[in-house]
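Participant: Structural data only, the sequence is not supplied:
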């Protein structure tokens with residue numbers, strides 16, 4: 001073979017080797033590591049929490065997969081898989097092994113089929129430190145007697161054995177949050193709502209810690225059932241003509257004043273109640289008020305708390321709703337005093353309530369003043385008991401000039417009459433706090 005032929009042969013062999021190497025490199029060299037995830041992302045956990053591990057390799061696929069739980073010198077292998085063929089992804093649900101109280105590590109390792117790292121492949125490791133806590137908080141009650149009225153308020157005071165993420169009183173679908181005080185105790189102002197059943201609905205204290213352990217404790221209580229007034233309200237065309245134009249922008253797809261009224265009375269009313277519950281979250285953790293709550297002076301009561309109303313139009317029943325609050329009327333555009341000291345947490349329009357002011361007194365206790373013709377307070381302002389915050393009017397879904405007054409506990413309307421009674425306040429609130 002001539003020198004030239006030998007040289008061409010060697011060049012061809014080199015090209016083949018380089019080409020084969022390139023093919024092998026493209027086929028087996030993968031520098032992307034597997035993607036590992038662990039959910040939920042918690043710091044505290046217990047033996048009822050399950051975990052989902054997910055692994056995905058965007059390149060050549062998975063080769064090995066292992067999950068370990070390490071606490072001290074104990075290693076618990078939860079999953080160990082070796083795949084004979086490439087697997088693009090893998091996931092598993094798993095429970096924790098038996099652990100002691102305290103910290104542990106949750107470790108997930110995934111290896112792909114790449115030949116990088118001298119043939120060892122790409123290794124992804126996810127290590128998360130958590131705290132195992134399987135002991136629920138204990139509840140020590142300090143207030144032992146709770147005399148409640150249907151539609152009224154109550155206060156309970158208790159202590160917890162550990163920090164929690166949620167605590168308060170649960171009654172049916174209602175939840176009333178408790179607030180930790182400077183002395184370490186928890187104060188919870190709660191309601192027995194007008195629509196709760198005295199014979200079957202039971203208030204309970206709950207406490208849930210960071211790991212999700214929950215303790216439930218009953219309350220020693222007595223509920224006085226109440227019957228509520230039933231009223232018939234006739235909707236006149238004059239009322240529709242005078243009051244519905246203000247809602248036309250809110251119900252743009254309706255032109256008939258009567259249909260607008262129905263939408264407002266049903267849908268907007270429900271939305272407005274939700275807005276009031278949102279405002280309730282802007283509350284001080286400390287209850288702060290001065291004696292009995294003021295009733296608007298020289299006023300006549302036009303409607304009561306939890307009056308059940310049946311609406312009639314042209315002598316036919318068209319709707320049913322419950323009036324939450326007390327309507328007080330005197331003279332047109334009469335001054336409205338703050339019923340007690342507190343911080344103004346809302347001023348503005350709330351649909352059926354019209355121009356409204358909400359004052360916070362702490363622990364979720366708030367007073368609401370609605371249908372105002374003008375507002376003389378600003379959000380964030382501290383007001384004194386008796387200070388004028390606005391004037392009565394006919395804004396919102398009002399029939400005639402009056403003040404719609406509500407007392408709220410964590411957004412749930414309660415009977416204001418209790419808070420107008422100094423004896424009730426002393427026996428059910430002040431004496432427990434002292």
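Facilitator: Received the coordinates, thanks. Since the model is a prediction, treat every value here as computed from it, not as a measurement.

Participant: mind listing what residue 284 touches?
Facilitator: 343, 360-363 (C-beta atoms under 8 Å, 6 or more residues apart in numbering). All C-beta atoms are positioned from the backbone trio N, CA, C, and that covers glycine.

Participant: how much space between it and residue 47?
Facilitator: According to C-beta to C-beta, to the nearest Å, residue 284 and residue 47 sit 38 Å apart.

Participant: which of the residues in stretch 399-411 are buried?
Facilitator: Of the residues in stretch 399-411, those with enough neighbours to count as buried (16 or more other C-beta atoms under 10 Å) are 399, 401-411.

Participant: what distance separates the start and the end of that stretch?
Facilitator: End-to-end distance for stretch 399-411: 24 Å, by C-alpha to C-alpha, to the nearest Å.

Participant: what do you get for stretch 291-310?
Facilitator: Across stretch 291-310, first to last residue, C-alpha to C-alpha, it's 37 Å.

Participant: Could you do stretch 139-153 as well?
Facilitator: Taking C-alpha to C-alpha, stretch 139-153 runs 21 Å from one end to the other.

Participant: try stretch 36-53
Facilitator: End-to-end for stretch 36-53, by C-alpha to C-alpha: 7 Å.

Participant: for stretch 189-200, same thing?
Facilitator: Chord length of stretch 189-200, first to last residue, is 21 Å (C-alpha to C-alpha).

Participant: Go through stretch 324-337 and flag the buried ones.
Facilitator: Buried, per 16+ other C-beta under 10 Å, within stretch 324-337: 324-330, 334-337.

Participant: Could you check how far it is from the centre of its chain?
Facilitator: Once both centres are worked out by C-alpha atoms, centre = their mean, to the nearest Å, stretch 324-337 turns out to sit 33 Å from its chain's centre.

Participant: for stretch 278-293, same thing?
Facilitator: 19 Å.

Participant: In it, which residues are buried?
Facilitator: So, applying 16+ other C-beta under 10 Å, buried residues of stretch 278-293: 279-280, 283-284, 287, 289, 292-293.

Participant: same check, this time on stretch 212-231
Facilitator: Buried, per 16+ other C-beta under 10 Å, within stretch 212-231: 213, 215, 219, 223, 228.

Participant: what sits against the last one?
Facilitator: Which is residue 228. The contact partners of residue 228, taken as C-beta under 8 Å, 6+ apart, are 151, 194, 304-308, 322.

Participant: give me that answer again for 7 Å
Facilitator: 194, 306-308 (C-beta atoms under 7 Å, 6 or more residues apart in numbering).

Participant: Tell me the one of these nearest residue 203?
Facilitator: Closest approach between the contacts of residue 228 and residue 203, by C-beta to C-beta: residue 194, at 14.6 Å.

Participant: What distance do you get for the closest one to residue 308?
Facilitator: 9 Å.

Participant: ok, now residue 296?
Facilitator: Taking C-beta to C-beta, one finds residue 296 at 24 Å from residue 308.
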